[in-house]
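[1] 3D, please:
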Amino acid sequence: MTYTEEAVSFDCAHDRLLGILARPDVPAQTGVLVIVGGPQYRVGSHRQFVLLSRELANAGYAVLRFDVRGMGDSEGEPRDFLSTSTDIAAAITALQRAVPSARQVALWGLCDGASAALLYCFDTLDSRVSALCLINPWVRSESSLARTRVKHYYLNRLMRAGFWVKLLRGGVKLDAIGGLGRSAWIALRGDRQPPPRSTFQQRMAAAWDAFSGRVFLLLSADDYVSKEFLEHAAHDSAWKSALAHPRLVRHDEPGADHTFSSAALRARVAELTLKHGLYHPRDEV
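    Numbers count the residues shown, from 1 in each chain. Model (predicted):
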């Protein structure tokens with residue numbers, strides 16, 4: 001299918017935001033909003049968001065990728081993923097105005113872009129959002145980072161003969177040994193302390209659990225952010241029902257790094273998004 005690309009500007013809380021819309025000749029009833037994690041702009045690492053948008057548009061989906069306030073070509077003060085709900089709402093409205101046939105919207109986000117998508121659903125309960133495509137969601141906390149380091153970094157090192165040879169020869173710095181001790185202590189302490197009330201991670205889990213549409217979770221097998229997500233979900237009761245969501249499809253991509261930095265992996269992301277993340281006419285009742 002052929003498509004065109006055009007610049008779209010729209011208002012958000014008295015600031016002007018800019019995005020690029022990929023518009024198919026015959027758009028589907030579902031549009032896609034790419035939420036950019038920061039700090040970066042609408043192109044993405046390795047031009048990933050550009051290439052993804054074009055692949056999805058070629059399959060018939062209108063796609064808007066945009067700069068939140070304070071980033072790229074958009075006006076306003078810089079902000080992090082915790083405070084982009086107003087920007088996302090404005091972008092959804094802009095997408096539907098530009099493509100009236102897009103009666104519903106799928107939110108696609110990588111890293112804290114995925115986190116921002118869930119926080120948007122928590123903040124707004126926006127009925128226009130029909131699907132969530134969440135790639136390596138960001139749930140960073142001191143204890144989850146410590147658990148991930150102990151389990152996936154330090155233990156792997158301790159199991160290697162080369163590490164012990166290096167240690168006996170004095171080749172391992174004291175800082176490395178101290179780092180293991182600190183991480184182990186934080187991990188144990190985090191499990192014993194009650195979490196603060198209504199953390200952003202808990203709000204993400206609540207939005208996920210309450211979401212009535214489809215949820216596609218894509219995790220990179222060779223990524224510490226995705227490993228940290230799984231560690232956090234395993235230790236936080238708020239995530240138990242979220243990961244048992246009846247319309248959740250999870251896929252772990254072997255050999256993938258955090259940003260899917262090869263052409264083959266980027267093509268794989270587009271393929272999986274189309275297969276598992278987006279609306280299809282057979283789902284109509």
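
[2] count of neighbours near residue 3?
    By the criterion of other C-beta atoms under 10 Å, residue 3 has 21 neighbours. C-beta: built from backbone N, CA, C; applies to glycine.

[3] now residue 227
    21.

[4] Now name the helix or strand holding it.
    Assigned by DSSP states H and E, residue 227 belongs to helix 224-235.

[5] can you give me the strands in this protein?
    Using DSSP state E, the strands of the chain run over 3-12, 15-24, 30-35, 63-66, 104-110, 129-135, 214-220, 248-253.

[6] Against which helices or strands is the shortest one packed?
    Okay, so that is strand 63-66. strand 15-24, strand 30-35, helix 48-58, helix 85-98 (3 or more C-beta pairs under 8 Å, 6 or more residues apart in numbering; DSSP states H and E).

[7] mind checking which of those is nearest residue 127?
    The closest of these to residue 127 is helix 85-98. By C-beta to C-beta, the value is 10.9 Å.

[8] Just the CA trace of the helix holding residue 227, in PDB.
    The C-alpha coordinates for helix 224-235 follow below in PDB (Å, rounded to 0.1, in the frame of the first residue of the first chain):
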ATOM      1  CA  TYR A 224      18.900  -5.300  31.400                       C
ATOM      2  CA  VAL A 225      15.900  -3.000  31.300                       C
ATOM      3  CA  SER A 226      13.600  -5.900  30.200                       C
ATOM      4  CA  LYS A 227      15.300  -8.200  32.900                       C
ATOM      5  CA  GLU A 228      14.700  -5.500  35.500                       C
ATOM      6  CA  PHE A 229      11.000  -5.300  34.400                       C
ATOM      7  CA  LEU A 230      10.600  -9.000  35.000                       C
ATOM      8  CA  GLU A 231      12.400  -8.800  38.300                       C
ATOM      9  CA  HIS A 232      10.100  -6.000  39.400                       C
ATOM     10  CA  ALA A 233       7.000  -7.700  38.300                       C
ATOM     11  CA  ALA A 234       8.000 -10.900  40.100                       C
ATOM     12  CA  HIS A 235       8.400  -9.100  43.400                       C
END
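
[9] Mind listing what's buried along that helix?
    224-233, 235 (16 or more other C-beta atoms under 10 Å).

[10] just stretch 73-85 next, same as before
    Neighbour-count burial for stretch 73-85 flags 74-76, 81, 84-85 (criterion: 16+ other C-beta under 10 Å).

[11] Would you mind writing the CA trace of it as CSV?
    Written as CSV, here are the backbone C-alpha positions of stretch 73-85 (Å, rounded to 0.1, in the frame of the first residue of the first chain):
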residue,chain,number,x,y,z
ASP,A,73,11.0,20.8,17.3
SER,A,74,8.2,21.2,19.9
GLU,A,75,7.9,24.2,22.2
GLY,A,76,7.7,24.2,26.0
GLU,A,77,9.8,23.2,28.9
PRO,A,78,11.5,19.8,28.9
ARG,A,79,9.7,17.0,30.9
ASP,A,80,10.1,13.3,31.6
PHE,A,81,7.8,10.4,31.1
LEU,A,82,6.0,11.0,34.3
SER,A,83,4.4,14.2,33.0
THR,A,84,3.5,13.6,29.3
SER,A,85,-0.2,12.7,29.6
